[in-house]
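Participant: From the sequence below, what's the structure:
(one chain, ligands or ions: 2)
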Amino acid sequence: MLTTKPLKQFLKQSPYQAYVYSYPHKTAYRPLNPPINLTELWTQQDKQALFLYIHIPFCEMRCGFCNLFTTVTHNEDFVTQYIRTMQRQAQRVKTALGEASFARFALGGGTPTQLPVHHLETILNIAEETMGANLQQIPVSVEMSPETAHKDKLQLLRDRGVDRASIGVQSFIASEVLATQRRQTTPQVEAALTRMRAAGFPTINIDLIYGLPSQTVETWLKSILAALKFQPEEIYLYPLYVRPLTGLGCSDKEWDDNRISCYREGRSLLLSEGYTQVSMRMFRRREIKQEINSLVSPSSPIYCCQSDGMLGLGCGARSYTETLHYSNEYAVGSQEIRDILQAYMQTPDETFDYATYGFQLNIEEQRCRYILLSLLSDEGINFIAYQQRFQSDIYYDFPELIQLIDLELATPAEQKLTLTAKGMELSDSIGAWLFSEQVNQLIQTYNLK
Ligand SMILES: C[S@@+](CC[C@H](N)C(=O)[O-])C[C@H]1O[C@@H](n2cnc3c(N)ncnc32)[C@H](O)[C@@H]1O
Ligand code: SF4
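Facilitator: Ligands and ions are numbered 1, 2, ... in the order given. I've put the predicted structure just below:
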C-alpha cells in the first residue's frame, strides 16, 4: 500500500511536500458513480461526537498565495443566494443524518466575517436550530481577517457561544503584506486584535506565514514578537506554499533554506515564550490546555479527529465518515470557483440527499489516515488505541515506521510513537511519504482547475 521509496531517499527532496491537515487531500477526490445516498451512508456511522463545519467562500481580496476555495465578491444578491442555498442544504442533510450530536463547530473560509451581521446570525441559527448543535456547550471557532473583524460581528459571535477567534495576519511588516496583495495595515491589525480581546474570546489564534517574498529571519521574528504583544492563546506558523494557479511564483533551494531557518528560529522563540508545540504549525500557550478542556461541558462528547465524523455544509466544505470523504468539486482558479459556486446554488433540493464527489476509504486507507493524523501531532500514535480500533498490530501494518526510528525522526516510548523535534520539522515530508500508492496516483493524475 505505502510508497516503496526508502524514507532516507524521500527526504532528499524539498522538506515542503504537502501540508497534511487531512488525508487524503481533495485532489484525490473523484466523481462518485453512482452517487451515494446520505441517509444510508450516515446510518452506518457513529454520530455521537460529530464536527460541524460551515464554509463561507467569500473574501474581500484574493491573497497572492492563497489556494483555498474562496472568491472575491461584493455582490449582496450573490451572497444572499448562497446563504439561502445553505439553508436548503442544511434541511435536507439534517433529515438524512437523523439523530446526531455535535461535539464541535467551526465556521471557516474564505472569510466568514466578510458576511454582514444578519447573515452571520442566519448561519449560527442553521448550526443551532436546523442542525441541533448546542453552541453554548461545545467549542466553536470562527476565522476572520483584520479588515472584517468589526465590533458588532465580534460581539454577536461571542454572545452566541464562539470561544475561539482565529485571525489571518500573515505578517506585521508592511512591505511583506503588500507583496501578498493583502490590503491590511499594521495599525488595522492591532486594532482588530484589541477588539477581539475586548469581545472576550477565551482563545485567540493568530496565523503568520514564513517564506514570503523579501522576508528575512529577522523580519519574521519581528512579526512573531508583534503577535506576542497580544498574548494569543494559539499561534499558527505556516510555511508559505505556492501552488500552481495562485498569484506568487518562486521555488528554489534558497527558499527552502530560508523557510527552515524561519521555522527553527520561530519555534525556539515561541518555546522560550511559554508556548508548547502541538504540530509543525500549531503552538499553544502552555497554561491553556487545561482551560480549553474546561470550556467543554462535562456532558459534551469530545471530538476525536482520527475517528469521529465531520459534517460539512456550504460549497467547498468536506464531510467525513469512516468510509467516505465527500465535498463539492475543488478548484483554485477564480472562474472555476465561480462556476462551482453557481452550480451549488442551482442544486435541486433532492440532490443534496446524495454525495456526488469524494473518496472511498477501504480499511488500508482508514489505517493510513489514522496513523498520519496521530503521528503529525504531539499526540503521536498510540499502539493500544490503534490495536483496539483495527484489531491489528501497528508494525505489522506499517513496517516502514521503523525507518522513522532508525533516522531518529520518531521515538517509541510508553506504547506510543511520537515525532522527535527533527521529525516534527520534517512533518510535510514524512506525511507525504506515508501517502498510499493509490492516493499518490490520484493526486498526480488530478487535473487542477
Ligand atoms: C481561511 S484563512 C484565515 C482567515 C482569513 N481568510 C485571512 O486570511 O485573514 C487560513 C490561513 O491559511 C494560511 N494559508 C492560506 N494559504 C496559504 C499558503 N499558500 N501557504 C501558507 N499558508 C497559507 C494563512 O495563514 C491563512 O490565514
Ligand atoms: S488568505 Fe484568507 S483572505 Fe486571503 S484569499 Fe485566502 S481565505 Fe481569503
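Participant: Report the buried residues of the helix ranked longest in the chain.
Facilitator: Ranked by number of residues, the top helix in the chain under DSSP state H is helix 76-97. Neighbour-count burial for helix 76-97, counted by 16 or more other Cβ atoms under 10 Å, picks out 79, 81-83, 85-86, 89-90, 92-94, 96-97. For glycine as for every other residue, the C-beta is placed from the backbone atoms N, C-alpha and C.
Participant: Looking at the residues you listed, spot the one nearest ligand 1.
Facilitator: Closest to ligand 1 out of the buried residues of helix 76-97 is residue 79 (15.5 Å), distances taken as Cβ to the nearest ligand atom.
Participant: And the closest one, how far from residue 58?
Facilitator: 6 Å (Cβ to Cβ, to the nearest Å).
Participant: Residue 151 - nearest residue in space that isn't next to it in sequence?
Facilitator: Take residue 151 and drop its neighbours on the chain: the residue closest to it by Cβ to Cβ, 6 or more residues apart in numbering is residue 195, 5.5 Å away.
Participant: Residue 99 now?
Facilitator: residue 47 (6.8 Å).
Participant: Show the contacting residues for the one you found.
Facilitator: Counting by Cβ atoms under 8 Å, 6 or more residues apart in numbering, residue 47 makes contact with 97-101, 309.
Participant: confidence score at it?
Facilitator: On pLDDT, residue 47 comes in at 95.
Participant: cool, the one 3 residues further on as well?
Facilitator: Confidence per residue is given as pLDDT, and for residue 50 that number is 96.
Participant: now swap in the one 3 residues further on and tell me
Facilitator: On pLDDT, residue 53 comes in at 97.
Participant: again with residue 411
Facilitator: On pLDDT, residue 411 comes in at 97.
Participant: so it sits in a helix?
Facilitator: No. Assigned with DSSP: H, G, I helix; E, B strand; the rest coil, residue 411 falls outside any helix and is strand.
Participant: After the lowest-mean-pLDDT helix or strand in the chain, heading C-terminal, what element do we hit next?
Facilitator: Ranking every helix and strand in the chain by mean pLDDT, DSSP states H and E puts helix 288-295 at the bottom, with a mean of 52. Later in the chain than helix 288-295, the nearest helix or strand by DSSP states H and E is strand 310-313.
Participant: Which helix or which strand is home to the residue in the stretch 101-250 of the chain that ligand 1 sits nearest to?
Facilitator: Going by Cβ to the nearest ligand atom, ligand 1 is nearest to residue 168 of the stretch 101-250 of the chain, at 2.3 Å. Counting by DSSP H and E, the element that carries residue 168 is strand 164-170.
Participant: what residues does the protein put near ligand 2?
Facilitator: Residues of the chain lying close to ligand 2 by Cβ under 6 Å from any ligand atom are 59, 62-63, 66, 68, 70, 109-111, 145, 168.
Participant: Mind checking which of those are in strands?
Facilitator: With strands taken from DSSP state E, the overlap with the residues of the chain next to ligand 2 comprises 59, 109, 168.
Participant: and of the residues you listed, the nearest to residue 156?
Facilitator: residue 109 (16.8 Å; Cβ to Cβ).
Participant: and the residue lying closest to that closest one once chain neighbours are set aside, what are its phi and psi?
Facilitator: Of all residues not flanking residue 109 in the chain, residue 56 sits nearest, at 4.2 Å (Cβ to Cβ, 6+ apart). Backbone torsions of residue 56, given as degrees, to the nearest 10, read phi -110, psi 110.
Participant: pretty sure residue 56 is touching residue 120, no?
Facilitator: No. Residue 56 lies out of contact with residue 120 (Cβ atoms under 8 Å); the separation is 9.2 Å.
Participant: Of the two, which one has the most company?
Facilitator: The neighbour count for residue 56 versus residue 120, taken as other Cβ atoms under 10 Å, is higher for residue 56 (28 against 23).
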